[in-house]
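K.L.:
Please find the sequence and the predicted model below.
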Amino acid sequence: MTSNDAVLIQKSKQGDVHSFELLISKYQVYAYNIAWRMLGNEEDAKDATQETLIKVFKGLDKFKENSEFSTWLYTITVNTCRDQLRKRKKVMTLSVDDTEEKVPIQLVAEESADPAVRLEQKEVAGQLLSALGKIPEFQKTAVLLRDVYGFSYEEIGAIENCSVGTVKSRISRGRHGLRSIILNERSNKIQEGGTI
Amino acid sequence: MLNTCSIDHLHDYLERENYEMEPRALAEVEAHLEQCSDCRSYLEDLTLLKGELAAMPLKALPDGFEEELHARLVEEANVKLVSKSSRISNFTHSTSFKVLSGIAAVLIIAIVVVGTAGNPLRNLLSKAKSEEASIDMAMGGAPAPAEMPAASMDRDGTVVFEESMNNAKGFGETQSAPVEPGAAPGSSDVFDPSLFGKMIIRNGSVSLEVEEFDTAYTQIEEIVKALEGYIESADTYSTPIYDNNGRRGDLQGGTVSLRIPSTRFDAAMQQIKTLGTVTHSNISSYDVTENYVDTQSRIKNLEARELRLRELLQRAEVIEDIMEIDLQLANVRTEIDSLNAIIKSYDKSLQMSSIQVSLNEKPLSESTITTLDDNLFDRMRANFIRSINAVVQMFQTILVGLVAILPFLLIFGAVLYLVLRFVRKFLRNRKQSL
């Protein structure tokens, strides 16, 4: 945490809205984007981000100074989004339990019969968003945080309250799932007689 | 192709620039990649995926996001401030009352002295009074009611606000227009709190134990409706409870946040307290007069500046000047808007007091006679049999113990017999020799 952040946090704790707005100015776009990717639409993302930032402002007294403010803010973002998803009852996978974590990736069996089949940049760009919506929620969040927003394994572990091993496992499975989904889409199109 | 467990190594390999791999594992993966085209393809796919994910654009915050957030934060900040002041209000209340009483006494004496003194003093006083009135005109746009301070000096600050509210047009118990939730309370054409002396935000909280949650909640709804307030939020929960016989029941509870017109705050608190047994009650007051007047004067200054900037903009001819003035105008407008949001938030809190009501059901066992347990005789019989079994068990244990130590007893008995016999013989011999 920067010393600047520490000063702004102190002022924000005393109810200084301007300081708080300065403090979150660096992070709120990321929080909004995480919410947008997790929830899938702008309106819900806006509500979730506002709710998150209000929660952060109200709960600043509970924030431990020795931890990273941004991590704390993103943890609340992710949890708030999960609450919304639970309310919607549209969560694809409610939780990734230990048994799932230990299942090794079945590489070839679930995808195209030809292992030499490769992804193409054009189809990846076109199908990435819909494919992200089809992988389990915890894997999706881990992939988003790592590959889209560039968080470290350790940061993701702190946000998700899990070990680095679990984070790596979720990311591996998430990426693998994305690849399989995009390849399957292509094979389905071929079967339907369409072009790639 | 790598085996299924080693696929994770390919992901590690993908991240090798950020997270160094162990040299041995790195060498293994690289050696395998040279041989296995499937794994090379897979790795290239992962690289492509990672690249595309990283290239996903960041979405800008939606329009109005920051303004909306700002208004909500200001509201939260006020709530924070009120709760902080309520914590210290209990401590300072008695002290401030004493100080105010002292000032009031000094003023009364001063007025009496001035009243009986000659014209020079009276002229001086009237001059000072007219100056004060002109300052009020500049700040609030209207003179403060002249009789109000004298009438309110000897009373608590809270009462001052209520009285002044009652004197205000359209505000008091005679008010007939219902207060609409969410409407901007205290808009300037109806209510300008700065005209009425002290502005006190009053909030309260009550914790009640009630017989039935649903009945109490309905009664609260009726009270709120009658007092023209509204329920801001309600949160209910149920807690499992077990009676003496281990039977489970549920106790309902909840927290209800109410907004009640400030003028009816006391009535609301009194009526709510009659709904059950009061376990906790708290009233907090927060004086926002200074902040309110300060914010208002800042808005007035900024509006005057905005007007001057607009005049300058009309006269400006050079593009650079126009852009500079335009930028300054935008900044001034943003500041005015944020200060107006603060005023609105104050108005809302001033006009509508907030009351938090916690409702908890009493455990039923306190109000009902416990019925005879259906299984009473079964339990008696079971316990009796258990006692008999315990007695039998005890005798069995003693018997087993006795048998177990029998060999030791025999040896010990034999040794004891021999010793006693020897001693007796020794004593007899000694007696005979004497």
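P.N.:
Here it is on my side, so go on. Residues are numbered from 1 along each chain as shown, chains lettered A, B, ... in the order given.
K.L.:
how about the one helix or strand B:E290 maps to: buried residues?
P.N.:
Per DSSP states H and E, B:E290 falls inside helix B:289-315. By neighbour count with 16 or more other C-beta atoms under 10 Å in any protein chain shown, helix B:289-315 contains the buried residues B:289, B:291-292, B:295-296, B:299, B:302, B:306, B:309. For every residue, glycine as well, the C-beta is placed using N, CA and C.
K.L.:
got those residues as JSON lines, with distance to chain A and pLDDT columns?
P.N.:
Listed next are the buried residues of helix B:289-315 as JSON lines, based on distance: C-beta to the nearest C-beta, whole Å; pLDDT from 0 to 100:
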{"residue": "B:T289", "distance to chain A": "18", "pLDDT": "84"}
{"residue": "B:N291", "distance to chain A": "12", "pLDDT": "85"}
{"residue": "B:Y292", "distance to chain A": "16", "pLDDT": "87"}
{"residue": "B:T295", "distance to chain A": "13", "pLDDT": "89"}
{"residue": "B:Q296", "distance to chain A": "18", "pLDDT": "87"}
{"residue": "B:I299", "distance to chain A": "16", "pLDDT": "91"}
{"residue": "B:L302", "distance to chain A": "15", "pLDDT": "90"}
{"residue": "B:E306", "distance to chain A": "20", "pLDDT": "89"}
{"residue": "B:L309", "distance to chain A": "22", "pLDDT": "88"}
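K.L.:
Closest one of those residues to B:A390?
P.N.:
B:N291 (76.1 Å; C-beta to C-beta).
K.L.:
unless I'm mixing things up, that closest one is touching B:Y346, no?
P.N.:
Yes. With contacts counted by C-beta atoms under 8 Å, B:N291 reaches B:Y346, the gap being 7.5 Å.
K.L.:
Identify the residue of chain A closest to chain B, quick one.
P.N.:
When scored by C-beta to the nearest C-beta, chain A has A:D147 as its residue closest to chain B, at 3.7 Å.
K.L.:
After the helix holding B:E290, which helix or strand is next?
P.N.:
Following helix B:289-315 in sequence, per DSSP H and E, is helix B:319-351.
K.L.:
Buried residues, that next one. List them.
P.N.:
Under the neighbour-count criterion of 16+ other C-beta under 10 Å, helix B:319-351 has B:325, B:329, B:332, B:336, B:338-339, B:341-351 buried.
K.L.:
Quick check: next helix or strand after that helix?
P.N.:
Assignment by DSSP H and E places the next element after helix B:319-351 at strand B:352-361.
K.L.:
elements contacting the helix or strand following that next one?
P.N.:
Later in the chain than strand B:352-361, the nearest helix or strand by DSSP H and E is helix B:376-433. The contact analysis (3 or more C-beta pairs under 8 Å, 6 or more residues apart in numbering or on different chains; DSSP states H and E) places helix B:376-433 against no helix or strand.
K.L.:
quick one: average pLDDT of helix B:376-433?
P.N.:
What helix B:376-433 shows for mean pLDDT is 92.
K.L.:
One more: stretch A:151-158?
P.N.:
The average pLDDT for stretch A:151-158 rounds to 91.
K.L.:
How many residues are close by B:T215?
P.N.:
By other C-beta atoms under 10 Å in any protein chain shown, the residues close to B:T215 number 12.
K.L.:
Which is the succeeding secondary structure element to the strand or helix carrying it?
P.N.:
Element membership for B:T215, per DSSP H and E: helix B:213-226. For helix B:213-226, the following helix or strand on the C-terminal side (DSSP H and E) is strand B:230-242.
K.L.:
Distance-wise, check B:K300 relative to A:R170.
P.N.:
According to C-beta to C-beta, to the nearest Å, B:K300 stands 57 Å off from A:R170.
K.L.:
So for chain A, the centremost residue is which one?
P.N.:
By C-alpha atoms, centre = their mean, chain A has its centre lying nearest to A:T141, at 2.5 Å.
K.L.:
Looks to me like it is in a helix.
P.N.:
Yes. Applying DSSP: H, G, I helix; E, B strand; the rest coil, one finds A:T141 inside a helix.
K.L.:
tell me the domain ranges of chain A?
P.N.:
A:3-88, A:98-191 (automatic domain parsing).
K.L.:
same question for the first one, mean pLDDT?
P.N.:
Read that as domain A:3-88. Mean predicted confidence for domain A:3-88 is 89.
K.L.:
Also stretch B:269-285?
P.N.:
88.
K.L.:
and it, C-alpha only, in CSV?
P.N.:
Provided in CSV are the C-alpha atoms of stretch B:269-285 (Å, rounded to 0.1, in the frame of the first residue of the first chain):
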residue,chain,number,x,y,z
MET,B,269,-40.4,7.1,19.7
GLN,B,270,-43.1,7.1,22.4
GLN,B,271,-45.6,5.0,20.4
ILE,B,272,-42.9,2.5,19.3
LYS,B,273,-41.9,2.0,22.9
THR,B,274,-45.4,0.9,23.8
LEU,B,275,-45.2,-2.1,21.5
GLY,B,276,-43.1,-4.3,23.8
THR,B,277,-40.5,-4.4,26.5
VAL,B,278,-37.8,-1.8,25.9
THR,B,279,-34.4,-3.4,26.3
HIS,B,280,-32.4,-0.5,24.8
SER,B,281,-33.2,3.0,23.7
ASN,B,282,-31.1,5.8,22.3
ILE,B,283,-31.6,9.3,20.9
SER,B,284,-28.8,11.2,19.2
SER,B,285,-28.7,14.8,18.1
